[in-house]
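K.L.:
Predicted model and sequence below, questions to follow.
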Amino acid sequence: MYTYTRIINYLLILIFSFVNFSCYNKQESKSKNNYLSVYFIQKGTTFPVRMDCNFTQDNGKYGDAMHYKKISDSIFLNIFFSEYNKLKISQESSNIDVRFKIFIHLNDKKVDTLCLGENQGIVKNGIKMNDSKVFMKLIKTKINYDSVFNDPMKEYRKAIEEELK
């Protein structure tokens, strides 16, 4: 009788481990399918007309001003989705001057579109959302928006000039 109970316990542990492992793998594979395609225009770039969310990712049209970054870092994506899900619909109907266009690729093959202005304005799937400084800073920090366009030699020369004064 003791051996029979022991065998059943081992079988239950084995079955539980198998079920737990397969659920873990499904969840892990789902999160691996999520990623962001971030298209952004160089900081300070101006255009004769306001950019809307329909701008294309055609680099030839914008020269060196258009940049791309794919983000699939799961830690960042967890923070991103936490802030993304906090966005609320805005009652304001003003247009924004779009500088960031983000395609949010979700595990179920769904793609959301997010457009942001350089300092304010958020449009989620064509719907204006309330501004979120935290959300904007999160994205800008991840893509190094404030530093990616800096010329290191220009910064060096500027430091030397200031030191000589």
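P.N.:
Noted; the coordinates are in hand. All values reported here derive from a predicted model rather than from experimental measurement.
K.L.:
looking at this, residue 77 is in a helix?
P.N.:
Yes: secondary structure assignment places residue 77 in a helix (DSSP: H, G, I helix; E, B strand; the rest coil).
K.L.:
how deep is the residue nearest to it when sequence neighbours are not counted tucked in, by neighbour count?
P.N.:
Excluding the flanking residues, the one nearest residue 77 by C-beta to C-beta, 6 or more residues apart in numbering is residue 34, at 5.6 Å. C-beta coordinates here come from the backbone N, C-alpha and C atoms, glycine included. The number of residues packed near residue 34 is 18, by other C-beta atoms under 10 Å.
K.L.:
likewise residue 113?
P.N.:
13.
K.L.:
Can you verify it is assigned to a strand?
P.N.:
Yes: assignment of residue 113 by three-state DSSP places it within a strand.
K.L.:
What's the first helix or strand after the lowest-mean-pLDDT helix or strand in the chain?
P.N.:
Within the chain, confidence by mean pLDDT, DSSP states H and E is lowest for helix 59-62 among all helices and strands, at a mean of 50. Next along the chain after helix 59-62, taking DSSP states H and E as the criterion, comes strand 66-71.
K.L.:
Let me see the ranges of the strands in the protein.
P.N.:
Using DSSP state E, the strands of the chain run over 35-41, 66-71, 98-105, 111-117, 122-124, 127-129.
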